[in-house]
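[1] Need the 3D shape of this:
(2 chains)
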Amino acid sequence: MPSVMIRVKENGALLFYIAKKDQEDEIAEVETDTEESWGGEVLLTDGSRYYVDPITPRPSFPTTLRFKRV
Amino acid sequence: MSTMTREETAALIQEVLEVYPESAREERAKHLTVNDQEVEQSKKCITSNRKSLPGVMTIRGCAYAGSKGVVWGPIKDMIHISHGPVGCGQYSRAGRRNYYVGTTGINTFGTMNFTSDFQEKDIVFGGDKKLSKIMTEIEQLFPLNKGITIQSECPIGLIGDDIEAVAKQAAKTLEKPVVPVRCEGFRGVSQSLGHHIANDAVRDWVLGNRDEDTSFVSTPYDVTILGDYNIGGDAWASRTLLEDMGLRVIAQWSGDGTLAEMENTPKAKLNLLHCYRSMNYISRHMEEKYGVPWMEYNFFGPTKIAESLRQIAAFFDETIQANAEKVIEKYQAEYQAVINKYRPRLEGKRVMLYVGGLRPRHIIGAYEDLGMEVVGTGYEFGHNDDYDRTIKEMGNATLIYDDVTGYEFEEFVKRVKPDLIGSGIKEKYIFQKMGIPFRQMHSWDYSGPYHGYDGFAIFARDMDMTLNNPCWSKVQAPWLKSEEAAEAAVAGA
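    Numbers count the residues shown, from 1 in each chain, chains lettered A, B, ... in the order given. Take a look at the predicted model:
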């Protein structure tokens, strides 16, 4: 259950940052990404998948969330 | 040997590794690589931030060095107690040349060493009473201090002293911030964890202190300089450029910085981050908690400075953007003259670097501006995200080494034969005795500043001074020289 900070990158993409692992990856796909909620399964550009229960209302980034490895 | 091919470099790494026993060889192999710009993520080619192997000569520091020496130490109006035995504080005292303005011993304390000087009885009975007594004494002797930090040395964690409780008690009686920092040297694998611990201490004990205080009037052009430790005056050389652009620098972290500046930092509009490694943690925190964006910049060499100034200006309105262009133009004649003067003397020279957390990649641009080439680079304590940012800066097929051992570095140098090495004091004399020009790139070899346009002029002069120094041809004893060389010398004379 890594604690992940998500922030908006300069190019507009969301950056998935795990401080403990110094991992910085862009988010390629998010399962739920609407006006009201954000979350579900997340696919990173390096191919790994993480899950977080969809959050309502949609959080403002940057924010720190606890993800599960899929 | 001007350039090495990918295969040659890979073969060199294999050859150097051969001397190790099998398990050590496997471990070290992960830390050495040939740069490939195609690689997107460094974790595929290099492992970093791992414990150094017992038995090899590492050049790393400890968590205390990262906290007291780097992040907290330069805060000039606070007193930083090196809590524990006397050596850690005394041997690192003022060595980093973090310049500041103020009267030392009256309102600033940067170059002084405060220590609790642990003795056997303090280890046996605990040092908490001594610590609180010291803080009372400090308050009597140096009443103009703005706060105290307690920088733990190894024994504090080992004997389990409760410095947080002492700090809270002292903060009440002194009515000043007292910050306990749990940066015992044994924590983590290098000084890098010390940076993180220090950042967390700033977050927990300092950053929110003025959240309710609205007396500081901020403007839309407030920026801060994070991760610039004012070594030889670096932060000042950076600050003038930003102020020329019409921005207001409200805080310097932490070179020539004060406690009040730190507390007011969340009121800035943009945090400018120079040393990513040591202050990215607090920048990320401020972005999340206060919504202050941050960006990395690079003030080494005119190309990177111009690039950074434009990037910084892009955060602001058109006036600032126009000003940025004006600043670049204003200094153009100056830096062009520097390049014209030194480039012919330095063109084509090859450099190997091995420094701490940002310079292995940041300085590359400055060398390139002088027509030099960086053929090998590495970090003492960089993490994967540092290497991610390095791959693009370095040429293909160049050497990258993480936490390089003394032996490996020497062997690489013998084979790559660079014209100049930039590293620290521990490497300096080995390479100078090998007859290779050397600059200390941690402390600028007691020169500086190297940041900004003003710094670039000094940087170019220093590199020329070192590289083209006539002493390098005199390193070998005359009777050891080959006959032709001796004859040539006679003929020349």
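[2] number of nearby residues for residue 18?
    Since no chain was named, I'll use chain A. When neighbours are defined as other C-beta atoms under 10 Å in any protein chain shown, residue A:18 has 15 of them. To be clear about C-beta, it is placed using only N, CA and C from the backbone, and glycine gets the same treatment.
[3] right idea, wrong chain: chain B
    7.
[4] who's in contact with it?
    For residue B:18, the contact set (C-beta atoms under 8 Å, 6 or more residues apart in numbering or on different chains) comprises residue B:25.
[5] How about the secondary structure of residue B:225?
    Taking DSSP: H, G, I helix; E, B strand; the rest coil as the rule, one finds residue B:225 in the strand state.
[6] Tell me how many other residues surround the residue of the stretch 51-200 of chain B found nearest chain A.
    As assessed by C-beta to the nearest C-beta, chain A sits closest to residue B:196 within the stretch 51-200 of chain B, at 8.3 Å. Neighbourhood size, residue B:196 [other C-beta under 10 Å]: 24.
[7] hang on, it packs against residue B:281?
    Yes. With contact defined as C-beta atoms under 8 Å, residue B:196 reaches residue B:281; the gap is 5.5 Å.
[8] ok, residue B:279 to chain A distance?
    Here residue B:279 is placed at a distance of 14 Å from chain A (C-beta to the nearest C-beta, to the nearest Å).
[9] Report pLDDT for that residue.
    You'll see residue B:279 listed with a pLDDT of 95.
[10] Find the nearest non-adjacent residue to residue B:147, please.
    Excluding its sequence neighbours, the residue lying closest to residue B:147 (C-beta to C-beta, 6 or more residues apart in numbering or on different chains) is residue B:177, at 3.9 Å.
[11] The lowest-mean-pLDDT helix or strand in chain A near chain B at all?
    When the helices and strands of chain A are compared on mean pLDDT, DSSP states H and E, strand A:23-33 comes out lowest with a mean of 88. Yes. Judged by C-beta under 8 Å from any C-beta of the partner chain, strand A:23-33 and chain B are in contact via A:23, A:24, A:25.
[12] what pairs with the second one across the strands?
    Spelled out, that is residue A:24. residue A:17 (DSSP bridges).
[13] Please tell me I have it right and it contacts residue B:388.
    Yes. With contact defined as C-beta under 8 Å, residue A:24 counts as touching residue B:388 (6.8 Å).
[14] re earlier: need the residues of strand A:23-33 next to chain B in CSV (columns: neighbour count).
    Listed next are the residues of strand A:23-33 next to chain B as CSV, based on neighbours: other C-beta atoms under 10 Å in any protein chain shown:
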residue, neighbour count
A:23, 20
A:24, 19
A:25, 22
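[15] Contacts only, for the closest residue to chain A within the stretch 251-400 of chain B.
    Closest residue of the stretch 251-400 of chain B to chain A, C-beta to the nearest C-beta: residue B:383 (4.0 Å). Residue B:383 is in contact with A:22, B:48, B:49, B:192, B:277, counting by C-beta under 8 Å, 6+ apart.
[16] swap in residue A:20?
    Per C-beta under 8 Å, 6+ apart, neighbours of residue A:20: A:2, A:3.
[17] Can you report phi and psi for it?
    Main-chain torsions, residue A:20, degrees, to the nearest 10: phi -60, psi -30.
[18] Next: residue A:46.
    Dihedral angles for residue A:46 - degrees, to the nearest 10 - are phi -90, psi 0.
[19] Around residue B:304, how many other residues sit close by?
    21.
[20] Pretty sure it sits against residue B:366.
    Yes. Look at residue B:304 against residue B:366 with C-beta under 8 Å: they come within range, at 7.1 Å.
[21] Could you pull up the contacting residues of the residue in chain A that chain B sits nearest to?
    Nearest residue of chain A to chain B, counting by C-beta to the nearest C-beta: residue A:22, 4.0 Å away. Neighbouring residues of residue A:22 by C-beta under 8 Å, 6+ apart: B:49, B:383, B:384, B:385.
[22] ok, residue B:437 touching residue B:467?
    Yes. With contact defined as C-beta under 8 Å, residue B:437 reaches residue B:467; the gap is 5.0 Å.
[23] which residues are common contacts for those two?
    Common neighbours of residue B:437 and residue B:467 (C-beta under 8 Å, 6+ apart) are B:419, B:420.
[24] quick one: residue B:248 from residue B:288, how far?
    As judged by C-beta to C-beta, to the nearest Å, residue B:248 and residue B:288 stand 24 Å apart.
[25] again, but for residue B:368
    36 Å.
[26] could you pull out the strands for chain A?
    Counting by DSSP state E, chain A has strands at residues A:3-8, A:14-18, A:23-33, A:38-44, A:49-55, A:63-66, A:68-69.
[27] Need the worst-confidence member of the contacts of residue B:383.
    Per-residue pLDDT puts residue A:22 lowest of these, at 77.
[28] Not counting its neighbours along the chain, what's nearest that one?
    Nearest one to residue A:22, counting by C-beta to C-beta, 6+ apart, is residue B:383 at 4.0 Å.
[29] same thing with residue B:241?
    residue B:452 (5.3 Å).
[30] Contacts only, for the one you found.
    B:234, B:237, B:238, B:240, B:241, B:299, B:305.
[31] go on, residue A:14?
    Applying C-beta under 8 Å, 6+ apart, the residues near residue A:14 are A:6, A:7, A:8, A:26, A:27, A:30, A:61.
[32] do that again at 10 Å, thanks
    A:6-8, A:25-28, A:30, A:33, A:38, A:42, A:44, A:61-62 (C-beta atoms under 10 Å, 6 or more residues apart in numbering or on different chains).
[33] Name the next helix or strand downstream of the longest helix seen in chain B, please.
    Counting by DSSP state H, the longest helix found in chain B is helix B:318-346. Toward the C-terminal end, the helix or strand that comes next after helix B:318-346 (DSSP states H and E) is strand B:350-353.
[34] Sheet partners, orientation included, of that following strand?
    For strand B:350-353, pairing defined by DSSP bridges yields strand B:373-377 (parallel), strand B:420-423 (parallel).
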